[in-house]
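Engineer: fold the following, please.
(one chain, ligands or ions: 2)
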Amino acid sequence: MYKRFLILIFFTLAFRLNAGNFYIDKNASGSDNGSSWSDAWENFQNINWDSIKPGDTIFVSGGTDSVIYTDFMEIGASGVESNLVTITKGIDPGHNGRVIIEGLNNEKTTAFHIEDKNFLKISNFEIRRFTGGGSIRVENSIGSVIEKNKILGYGSCVKIYNSFNCIIRENVLTTHENTPTQTDGIYASQNTDNVYENNNIIILNQDSYPHCDCIQLQQENSCIIRNNYLEQINDKTENSQGIFDKEGAGLHVYYNNVVIVPNTGNSNVVAFQNFDIGSGTLRAYNNTIVGGDKNVFINDDPQTVVKNNIFVTTGPHAHVRFYLKINDLSNIDYNLYYRETETGNDVIYAPENGGTMSFSEWQSKGGDIHGINANPLLTENGKIMQNSPAIDAGANLSTVGVTTDINGTSRPQQKLYDIGAYEFTEGKIISAPRNLQIKK
Ligand SMILES: [Ca+2]
Ligand SMILES: [Ca+2]
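Structural biologist: Residues are numbered from 1 along each chain as shown. Ligands and ions are numbered 1, 2, ... in the order given. As a prediction, the model looks like this:
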């Protein structure tokens, strides 16, 4: 037994020692073999992918301040589950500046392309002005991680297809201000068990034609969307959605997201739509959803659970819509509804008599028995202020995995769970603003 343990240690160490570092620097002028900064590969095409093994890291030089690459990378190696292959910005002095990958005048429409390769991590790059679908594009991949990149998209920022157990996290994504191209923050299609978390996504595109969503999911099979700050800053009144989740399957869990889509009139702030072929079921917990005149929330799922969410709308139309009969209306509870106009309706519950109803009528049907119909007192970025009625008014959702807020602050603070994405912590924690943007 002891011997077997030693052998195990030996192999673990051997594997670790084997994991290597490789280097790319467009300003290097050595042997171009990737072995050191001085002998770094001089462009992305010169990478010898056969030499890249699980656990290896490829560093790209950012110089002392920044280096701009007009280049693209077709990923040619895989990691394994316990040892990813990492592609990231340099960390050594003289090489730890910003790595900017420039799309205009580029031969390719995407900066990084993962296809049929697994367990990769792409992190800490600045990518701008790529015109294709996905400045980072992932297809048929298992266990890959797209992390801490800043992308200015002239098309969609991150696209991921037919992949499994991938994570898109802590990216700062924004778009061109006026282009007829679809500029989604994240466009995901036909993936299974992916996680989309802690991203800041701001859609600036004003063009009225393209369908620009902060996050769009198409036929996604089970996913988690949590701790994201999602905002549309433009004049579009349609084709501009926060989360658009269509024809999914499995469990789709959204929590601690702030979604702000103030101008929308004819599209949705958050839409969960099974249509004919979807069978997905939604769990929406502790989101703060602020929208224009209608369609803040659409749902096609009779088994849905919707708790601890703030729904705010600026107009008179009902903003929360349940199209199908909910099997158990006690699953829709502890939400706060607020309509800025004095007249109008709060909820559309389609199975019941045409379905448009005030908050009190909704409660008389059995919805939101512990809910609130009052101004949540939000800041511009969706935080609750002191004296907000959302403070200590939520259900304890620790059993379903909600134990922190959008900033990682543990729940509950004070006595009980707050409603919405933020737990109120007056004077205790200073956090960075979530609506960061990258500049051109
Ligand atoms: Ca879209
Ligand atoms: Ca609290």
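
Engineer: C-alpha only now, for contacts and for neighbours.
Structural biologist: OK.

Engineer: point out where the stretch 201-350 of the chain drops to low pLDDT.
Structural biologist: Low-confidence segments of the stretch 201-350 of the chain, defined by pLDDT under 70: 293-296.

Engineer: ligand 1 contacts on that one?
Structural biologist: Within the stretch 201-350 of the chain, the positions near ligand 1 by Cα under 5 Å from the ion are 211-213.

Engineer: and the residues you listed, which is closest to ligand 2?
Structural biologist: Nearest to ligand 2 out of those is residue 213 (Cα to the ion; 31.2 Å).

Engineer: and the helix or strand hosting the closest one, which strands flank it?
Structural biologist: Using DSSP states H and E, residue 213 sits within strand 212-218. Sheet pairing of strand 212-218 (DSSP bridges) gives strand 186-189 (parallel), strand 240-246 (parallel).

Engineer: and these, which is most packed in?
Structural biologist: Mean neighbour count (mean count of other Cα atoms under 10 Å) peaks for strand 240-246 among the strands paired with strand 212-218, with a mean of 27.

Engineer: what strands line up against the next helix or strand after that strand, and which way round?
Structural biologist: Where DSSP H and E defines the elements, the next helix or strand beyond strand 240-246 is strand 249-255. The strands beside strand 249-255 in its sheet (DSSP bridges) come out as strand 221-226 (parallel), strand 281-285 (parallel).

Engineer: using CSV, write out every CA atom in the helix or strand where residue 337 lies.
Structural biologist: Assessed by DSSP H and E, residue 337 sits inside strand 336-339. Extracted C-alpha coordinates of strand 336-339, given in CSV (Å, rounded to 0.1, in the frame of the first residue of the first chain):
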residue,chain,number,x,y,z
LEU,A,336,-41.2,42.4,-5.4
TYR,A,337,-43.2,44.1,-8.2
TYR,A,338,-43.0,47.7,-9.0
ARG,A,339,-44.6,49.7,-11.9
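
Engineer: what about it, distance to the chain center?
Structural biologist: 25 Å (Cα atoms, centre = their mean, to the nearest Å).

Engineer: helices and strands around that strand, which ones?
Structural biologist: strand 310-313, strand 372-373 (3 or more Cα pairs under 8 Å, 6 or more residues apart in numbering; DSSP states H and E).

Engineer: can you tell me which of those strands is packed in deepest?
Structural biologist: Highest mean neighbour count among the helices and strands packed on strand 336-339 (mean count of other Cα under 10 Å): strand 310-313, with a mean of 27.

Engineer: could you find the closest non-adjacent residue to residue 27?
Structural biologist: residue 42 (6.8 Å; Cα to Cα, 6 or more residues apart in numbering).

Engineer: distance of the one you found from residue 36?
Structural biologist: Using Cα to Cα, to the nearest Å, residue 42 is found at 11 Å from residue 36.

Engineer: of these two, which one has the most company?
Structural biologist: Of the pair residue 42 and residue 36, residue 42 is the one with more neighbours under other Cα atoms under 10 Å, namely 22 against 18.

Engineer: touching, that one and residue 28? I think so.
Structural biologist: Yes. Assessed by Cα atoms under 8 Å, residue 42 is found in contact with residue 28 at 6.1 Å.

Engineer: re the thing from before, ligand 2 is nearest to which of the strands paired with strand 212-218?
Structural biologist: The minimum distance between ligand 2 and the strands paired with strand 212-218 falls on strand 240-246, with 26.0 Å, by Cα to the ion.

Engineer: what ranges does the stretch 251-400 of the chain have for its helices?
Structural biologist: 359-365 (DSSP state H, counting those that start in this stretch).

Engineer: can you map out the strands along it?
Structural biologist: 258-261, 270-273, 281-285, 288-291, 297-299, 305-307, 310-313, 320-322, 332-333, 336-339, 347-349, 356-357, 372-373 (DSSP state E, counting those that start in this stretch).

Engineer: with distance to ligand 2 added, can I get the ones you listed in a markdown table?
Structural biologist: Output for the strands of the stretch 251-400 of the chain, formatted as a markdown table (distance: least, Cα to the ion, whole Å):
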| stretch | distance to ligand 2 |
| --- | --- |
| strand 258-261 | 17 |
| strand 270-273 | 25 |
| strand 281-285 | 15 |
| strand 288-291 | 15 |
| strand 297-299 | 25 |
| strand 305-307 | 15 |
| strand 310-313 | 14 |
| strand 320-322 | 24 |
| strand 332-333 | 17 |
| strand 336-339 | 15 |
| strand 347-349 | 26 |
| strand 356-357 | 30 |
| strand 372-373 | 15 |
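
Engineer: got those as JSON lines, with distance to residue 201 columns?
Structural biologist: Compiled in JSON lines, these are given as follows (distance: least, Cα to Cα, whole Å):
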{"stretch": "strand 258-261", "distance to residue 201": "10"}
{"stretch": "strand 270-273", "distance to residue 201": "14"}
{"stretch": "strand 281-285", "distance to residue 201": "19"}
{"stretch": "strand 288-291", "distance to residue 201": "14"}
{"stretch": "strand 297-299", "distance to residue 201": "19"}
{"stretch": "strand 305-307", "distance to residue 201": "23"}
{"stretch": "strand 310-313", "distance to residue 201": "19"}
{"stretch": "strand 320-322", "distance to residue 201": "23"}
{"stretch": "strand 332-333", "distance to residue 201": "28"}
{"stretch": "strand 336-339", "distance to residue 201": "24"}
{"stretch": "strand 347-349", "distance to residue 201": "28"}
{"stretch": "strand 356-357", "distance to residue 201": "32"}
{"stretch": "strand 372-373", "distance to residue 201": "29"}
